[in-house]
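S.K.: test case, fold it:
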Amino acid sequence: MSPASASDVLRTSTASVVGRARELELVVAALHGGRHILLEGPPGTGKSTLLRSVADALGVGFAFVEGNAELTPARLVGHFDPARVLTDGYSADVFVDGPLVSALRNGSLLYVEEINRIPEETLNVLISVMSEGEITVPRLGTVKSAEGFRLVAAMNPFDAVGTARISSAVYDRVCRVAMTYQDADDEIEIVMRELAKQAGGSKVSRDWVALVVEMVRRTRNHTDLRFGSSVRGAIDTAVVASSLSTMRNASVETATIGLDSALVALTGRVRMREGSVRTAEEVIAEIFSEVFGVKPKDGDAGKAGAPTGATNSQS
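M.R.: Below is the predicted model of the structure:
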């Protein structure tokens, strides 16, 4: 990628990503320099979206790998088809490429999500590839990286459940880009874009969405919550509220519609602090009341009349 095309990539990527101008610039610059990248930040901060946008602008392949405890070296690298080995032996065309070998051959971006959840032996394979630009597979031989191959990994904070600390060997081979939550205006724009894709989403006002975003942002520093929701919680709250307003034949700004939508969208995304005697439902209801300045009547949340068009039946 030449310096001129790097600028083109940046312009194209910026058009499809809300905000993130600095992070986009850093990622494109690192890829332009032939570096591997580690995107580090909490869930829902747009790491995957940013990288997919850059890959599309580059016009290169994008191999996705979900990091988890079941990601063995064989699943990452590939394997020989057992049935065909019996008839054809260990020939190259019997080997089934895994995402790593496929990305090496095609010069694609290999995106490893949640790299700090994968087993150490699998991580060692990636460290070797980053150092040598190739991998040697028993009975297959050496697979060298085609031009354009880069490893881009993402990870959540160390204190997320199920994660482990990444060794210095990884950090020594990547350029690290920290991604925090976007500002309120960017998150409002993200929700509005998602609503525009939904039937009936146009009836939701930007002012109301701004309150939803504010509610979600407050979950991130609430004293009773270990960690709060990403912007995905705001998106789901708005989408569910849009549907509920049609079903209940009421405005999306009706207090019970907003509260019910928030409870559905947020209570599973937040985590209570150890020792807290409160429930997620109580905390979300409290934040909703503070932000929207209204409080549904006791017992109203979760209750509604029959949807429009429904009829009663008796046995």
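S.K.: residue ranges of each domain in this protein, please.
M.R.: 3-178, 184-292 (automatic domain parsing).
S.K.: report the buried residues of stretch 212-226.
M.R.: For stretch 212-226, a neighbour-count test (16 or more other Cβ atoms under 10 Å) marks 212-219, 222, 224-225 as buried. For the C-beta atoms, the positions are set from N, CA and C on the backbone; glycine is no exception.
S.K.: residues in contact with the residue nearest the centre of the chain?
M.R.: Against the mean C-alpha coordinate of the chain, by Cα atoms, centre = their mean, the closest residue is residue 44 at 4.9 Å. For residue 44, the contacting residues are 181, 229-233, by Cβ atoms under 8 Å, 6 or more residues apart in numbering.
S.K.: what secondary structure does it sit in?
M.R.: Here residue 44 is coil, with the state taken from DSSP: H, G, I helix; E, B strand; the rest coil.
S.K.: which residues touch the spatially closest residue to it that is not a sequence neighbour?
M.R.: Leaving aside its chain neighbours, residue 44 sits nearest to residue 230 (2.1 Å; criterion: Cβ to Cβ, 6 or more residues apart in numbering). When contacts are counted by Cβ under 8 Å, 6+ apart, residue 230 is found next to 42-45, 181, 216, 269.
S.K.: could you measure from residue 230 over to residue 216?
M.R.: Separation of residue 230 from residue 216 (Cβ to Cβ, to the nearest Å): 8 Å.
S.K.: buried residues in the helix or strand bottoming out on mean pLDDT in the chain?
M.R.: Between all helices and strands in the chain, the lowest mean by mean pLDDT, DSSP states H and E belongs to helix 3-16, at a mean of 73. Going by neighbour count (16+ other Cβ under 10 Å), the buried part of helix 3-16 is 6, 9-10, 12-14.
S.K.: and what of stretch 250-258?
M.R.: Quick answer for stretch 250-258 (16+ other Cβ under 10 Å): 252-258.
S.K.: just the helices in the stretch 151-300 of the chain please.
M.R.: Ranges of helices in the stretch 151-300 of the chain, per DSSP state H, counting those that start in this stretch, are 168-171, 184-196, 206-218, 231-247, 255-266, 280-292.
S.K.: with adjacent residues omitted, what lies nearest to residue 178?
M.R.: residue 40 (5.4 Å).
S.K.: should've said residue 106
M.R.: Using Cβ to Cβ, 6+ apart, the closest residue to residue 106 is residue 61 (5.0 Å).
S.K.: what's the answer for residue 186, then?
M.R.: According to Cβ to Cβ, 6+ apart, the nearest residue to residue 186 is residue 19 (3.8 Å).
S.K.: can you report how many residues neighbour that neighbour?
M.R.: 17 (other Cβ atoms under 10 Å).
S.K.: list the residues that contact it.
M.R.: 182-183, 186, 189.
S.K.: part of a strand, is it?
M.R.: No - Residue 19: not assigned to a strand; according to three-state DSSP it is coil.
S.K.: ok, now how distant is it from residue 181?
M.R.: 11 Å.
S.K.: show me where the stretch 1-150 of the chain has strands.
M.R.: 37-40, 62-66, 78-80, 95-97, 109-113, 134-137, 141-144, 150-155 (DSSP state E, counting those that start in this stretch).
S.K.: need the ones you listed in a markdown table (columns: distance to residue 285 and mean pLDDT).
M.R.: As requested, the strands of the stretch 1-150 of the chain are exported to a markdown table (distance: least, Cβ to Cβ, whole Å; pLDDT from 0 to 100):
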| stretch | distance to residue 285 | mean pLDDT |
| --- | --- | --- |
| strand 37-40 | 33 | 93 |
| strand 62-66 | 34 | 89 |
| strand 78-80 | 50 | 93 |
| strand 95-97 | 51 | 93 |
| strand 109-113 | 33 | 92 |
| strand 134-137 | 53 | 94 |
| strand 141-144 | 55 | 94 |
| strand 150-155 | 33 | 92 |
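S.K.: export those as TSV, with columns for distance to residue 103 and mean neighbour count.
M.R.: As requested, those are exported to TSV (distance: least, Cβ to Cβ, whole Å; neighbours: other Cβ atoms under 10 Å):
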stretch	distance to residue 103	mean neighbour count
strand 37-40	14	23
strand 62-66	4	18
strand 78-80	11	19
strand 95-97	9	17
strand 109-113	4	24
strand 134-137	11	16
strand 141-144	10	13
strand 150-155	8	25
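S.K.: nearest to residue 89, out of these?
M.R.: strand 78-80 (9.3 Å; Cβ to Cβ).
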